[in-house]
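> Here's a sequence, model it:
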Amino acid sequence: MSLRPTLDDCINDLLRQPTQSPNRLSLLSQYCIAELKSYGLDEVREGDANEVRIPGLSRIKDWDVAYVMAGKPRLLISLKSILKNLAGTIPNRLDDLMGEAANVQQLSPEIVVGYIVLVDEAGNSSRREGDGSWVDYFSRSLRNIAIRKAPLWNQGLIEAVWLVHIDSRRPEGDRLMTVEGSVADGRNFFDDLVKELRRREPSLLPSAGALR
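Numbering: from 1, shown residues only. Below you'll find the model as predicted:
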């Protein structure tokens, strides 16, 4: 494995980990930190079990990755995986996402929020409602949520989402459903997050050498 993890590294590491391991997405946290640092954002943190505790209106929430400036979080990323029981898990994930975003946005409406979720196509199935599969439904729903840009700062929405389609039935190195598409989606995800961050925090504009 290279010093800087690849997306394949993150997927393979996830599938090797025990189901209940708190570190199942630790390598993906490191991947995100490396990506954000490539934009010139140095104060990117991860805490115990690769999460950072951030206060919200109703409770403190553990976030996987946080960019902090002057002692205050400015950008947060939540990492999830859905490997089994997609029909039962996806509706709960959507509710949880909107709830955790609204919780932190109540105290910090200017904060930028991103969401990365790895979904295993091996557990995909058609919905009874007849409008495609559960992964299709999840993708549409996430796109509807990831529209939070000024002046549309509704609480419960987020700035960017990256849905990574994997297939655990495939051998290592071939588990990404679409390699080029996944890489492009990831690049757009980080571009969108940093673009929104810079709009809200003009002092973050980096030197020309730090721009992507």
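> the bottom helix or strand of this structure by mean pLDDT?
strand 52-55 (a mean of 72; mean pLDDT, DSSP states H and E).
> What strands flank that strand, and is each parallel or antiparallel?
strand 60-63 (antiparallel) (DSSP bridges).
> Please give the number of neighbouring residues around E196.
Residues within reach of E196, counting by other CB atoms under 10 Å, total 21. All C-beta spots, glycine's among them, are computed from the backbone N, C-alpha and C.
> so what's it scoring on pLDDT?
pLDDT recorded at E196 is 93.
> now do P109
Note on P109: pLDDT of 89.
> Does it touch L157 like I think?
No: counting by CB atoms under 8 Å, P109 stays clear of L157, with 11.2 Å between them.
> Which one of those two is surrounded by more residues?
Each of P109 and L157 has its neighbours counted (other CB under 10 Å); L157 has more, 19 against 12.
> shouldn't that one be in contact with A150?
No: look at L157 against A150 with CB under 8 Å: they stay out of range, at 11.7 Å.
> Output the longest strand that the chain contains as CSV, nothing but the C-alphas.
Counting residues, the longest strand found in the chain (DSSP state E) is strand 72-82. Written as CSV, here are the backbone C-alpha positions of strand 72-82 (Å, rounded to 0.1, in the frame of the first residue of the first chain):
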residue,chain,number,x,y,z
LYS,A,72,-13.7,26.5,15.0
PRO,A,73,-14.7,23.8,12.6
ARG,A,74,-15.4,25.2,9.1
LEU,A,75,-15.8,22.0,7.1
LEU,A,76,-17.0,18.5,8.1
ILE,A,77,-17.2,15.2,6.3
SER,A,78,-19.2,12.2,7.4
LEU,A,79,-18.2,8.8,6.2
LYS,A,80,-20.6,5.8,5.9
SER,A,81,-20.8,2.4,4.4
ILE,A,82,-23.9,0.3,3.5
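> residues of it that come out buried?
73-82 (16 or more other CB atoms under 10 Å).
> how about stretch 7-17: buried residues?
7-15.
> The protein: strands as residue ranges?
Here the chain has its strands, by DSSP E, at 44-45, 52-55, 60-63, 65-69, 72-82, 112-120, 160-166.
> Deepest-packed of those strands, please.
Of the strands of the chain, the one with the most neighbours on average (mean count of other CB atoms under 10 Å) is strand 112-120, at a mean of 24.
> So which elements touch that one?
Here strand 112-120 touches helix 7-16, helix 26-37, strand 72-82, helix 86-107, helix 134-145, strand 160-166, helix 179-200, going by 3 or more CB pairs under 8 Å, 6 or more residues apart in numbering; DSSP states H and E.
> Turn those into a markdown table, including distance to E172.
Shown next, in a markdown table, are those (distance: least, CB to CB, whole Å):
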| stretch | distance to E172 |
| --- | --- |
| helix 7-16 | 5 |
| helix 26-37 | 14 |
| strand 72-82 | 16 |
| helix 86-107 | 22 |
| helix 134-145 | 22 |
| strand 160-166 | 11 |
| helix 179-200 | 14 |
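> neighbours around E46, how many?
If you count neighbours by other CB under 10 Å, E46 ends up with 18.
> nearest residue to L157 other than its sequence neighbours?
The shortest distance from L157 to any non-neighbouring residue, by CB to CB, 6 or more residues apart in numbering, is to R148 (3.7 Å).
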